[in-house]
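Participant: Any chance you could fold what I've pasted below:
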Amino acid sequence: MSALSLSLARVSLLPLLQGGGPARKPPAAAAVLAFPAKSFFGAPLAAAAAAALSPAAASPLQQRRSSASAVVAAGKGYKMKTHKASAKRFRVTGTGKIMRRCAGKQHLLGKKNTKRKKRLSKMVQVNKSDYNNVMGALPYIKANKKAG
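Facilitator: Numbering: from 1, shown residues only. Model (predicted):
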């Protein structure tokens, strides 16, 4: 609070110390023209500058709404995240089918016969009932939803 009042005192006393007359406010139009018409993000800055010049005129709720609208106009949509463990477990064929490995081929292979182990080595298509779960974990997968 004291730093703010000190800086305001410097601003108002600066013309007096330099030998000028009483401190004058700069015209409001000059302050608005000092800003570019649009920001880097495309949000208009003239409205923000006008609101900054007269903070007493705008209520805190209106100030929050105007700043929120500028952020909404500036930002992009949310990027959905890929579940990386699922991305390593599933593959998509050229026709859009989602393929997976069979379970039961990691350990205790001595008791399983060769025919069974060979069958478990093959990739199989994900069941139709599991397609929504896989598609939810992998939002950017290019799979055919009707292939399941």
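Participant: Could you use CA atoms for every contact and neighbour count after this?
Facilitator: Noted.
Participant: so R91 sits right up against M99, yeah?
Facilitator: Yes - with contact defined as Cα atoms under 8 Å, R91 reaches M99; the gap is 5.2 Å.
Participant: which residues of this structure score low on pLDDT?
Facilitator: Scanning the chain with the threshold set as pLDDT under 70 gives 1-75.
Participant: let's see it at 80
Facilitator: For the chain, applying pLDDT under 80 flags the ranges 1-76, 148.
Participant: Relative to L120, how far out is H107?
Facilitator: Relative to L120, H107 is positioned 12 Å away (Cα to Cα, to the nearest Å).
Participant: more neighbours, these two?
Facilitator: More neighbours surround L120 than the other of H107 and L120, with 15 against 8 (other Cα atoms under 10 Å).
Participant: how close does the spatially closest residue to that one that is not a sequence neighbour get to Y78?
Facilitator: Among residues not flanking L120 along the chain, C102 sits closest, at 5.3 Å (Cα to Cα, 6 or more residues apart in numbering). Spatial separation of C102 from Y78 under the definition Cα to Cα is 34 Å.
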